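No letters, just coordinates:
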């Protein structure tokens, strides 16, 4: 068991700088990886996030690449149809309802928005199946808009650090919006997803080798 701490006052800038170095060599979070591979439009990012729900990046990333290679635009996705979408995304969890949701998203984008999704969080969150996490992450990655996206890794790590104290990801989002400097909003998910997967894990976190251990109170560990 790691010895007690912390020995340094917690500083979010220092913590994220150490995390930035620690995740070198680990795979990037799926949506950031997709953007680096050329799938950086708001529609593509939103589709990829829908596919990632309750699905590991190791599964959702290749499935997203396969689907978007066939239909990267709303019109192409609409023409593909829900049955063909489902066949292409079968490895993810809940492929049938996700296929219907993605087809409905493409159809509405074509019919209501002229083929281009508005870069507006309220509009995106009004779409069926799109919650704050996907709306915020898609806008952050695709449009550079300053939003925080909270998944299970961001929720766990920031609460374990004692930076926020919240029982649910939704409450964590509210707490981070009130406290986290805006310069870190978009990057937070990119940093803490691989950090939470490989270092600050849900069970048996690697505290002894964690770069943030000197300032971390290890809440709940």
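Cool, the structure landed. Computed from a prediction, not measured in an experiment: that's the story for all the values here. Numbers count the residues shown, from 1 in each chain.

Below-threshold pLDDT in this protein: ranges please.
The model of the chain has pLDDT under 70 over residues 1-5.

mind listing the strands for it?
Remark: strands of the chain are absent; assignment by DSSP state E.

Just the buried residues of the longest helix seen in it, please?
Longest helix in the chain, counting residues (DSSP state H): helix 95-113. Residues 95, 98-103, 105-106, 108-110 are the ones in helix 95-113 that count as buried (16 or more other C-beta atoms under 10 Å). Any C-beta I mention is one placed from the backbone N, CA and C, and that applies to glycine too.

Contacts for that helix next, please.
43, 46-47, 50-51, 53, 71, 74-75, 77-78, 80-83, 85-86, 89, 92, 115-117, 127-130 (C-beta atoms under 8 Å, 6 or more residues apart in numbering).

And it, how far out from the chain middle?
Here the centre of helix 95-113 is set off from its chain's centre by 20 Å, with C-alpha atoms, centre = their mean, to the nearest Å.

And this structure, what are its domain boundaries?
According to automatic domain parsing, the chain comprises the domains 12-23+148-215, 30-143.

Of all the ones you listed, which one is nearest residue 221?
domain 12-23+148-215 (6.2 Å; C-beta to C-beta).

and that closest one, how far apart are its ends?
Chord length of domain 12-23+148-215, first to last residue, is 10 Å (C-alpha to C-alpha, to the nearest Å).

cool, stretch 37-55 as well?
20 Å.

oh, and call the first residue 16 from now on, that's how I've got it
New numbering, starting at 16: the last item is stretch 52-70.

Can you tell me what sits against that stretch?
Here stretch 52-70 has contacts from 45-46, 49-50, 75, 78-80, 82-83, 87-89, 92, 104, 107-109, 113, 116-117, 120-121, 124, 131-132, 134, 139, 144-145, 148-150, 152-154, 156-158, using C-beta under 8 Å, 6+ apart.

How about stretch 135-145?
61, 65, 113, 116, 119-120, 123, 132-133, 146-147, 149-151, 153-154, 160, 162.

buried subset of those?
For the contacts of stretch 135-145, buried by 16+ other C-beta under 10 Å: 61, 65, 113, 116, 120, 123, 132, 147, 149-151, 153-154, 160, 162.

returning to what we had before: in CSV, list the buried residues of helix 110-128 along with distance to residue 208.
Output for the buried residues of helix 110-128, formatted as CSV (distance: C-beta to C-beta, whole Å):
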residue, distance to residue 208
110, 23
113, 20
114, 25
115, 27
116, 22
117, 22
118, 27
120, 23
121, 26
123, 29
124, 27
125, 31
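
Which single one of the residues you listed is nearest to residue 171?
residue 113 (24.6 Å).

That closest one and residue 123, how far apart?
16 Å (C-beta to C-beta, to the nearest Å).

which of the contacts of helix 110-128 count as buried?
58, 61-62, 65-66, 68, 86, 89, 92-93, 95, 97, 100-101, 104, 107, 132, 142, 144-145.

just the helices in the chain please.
Ranges of helices in the chain, per DSSP H, are 27-37, 45-51, 57-67, 72-85, 89-95, 97-103, 110-128, 136-140, 147-158, 167-175, 184-194, 200-213.
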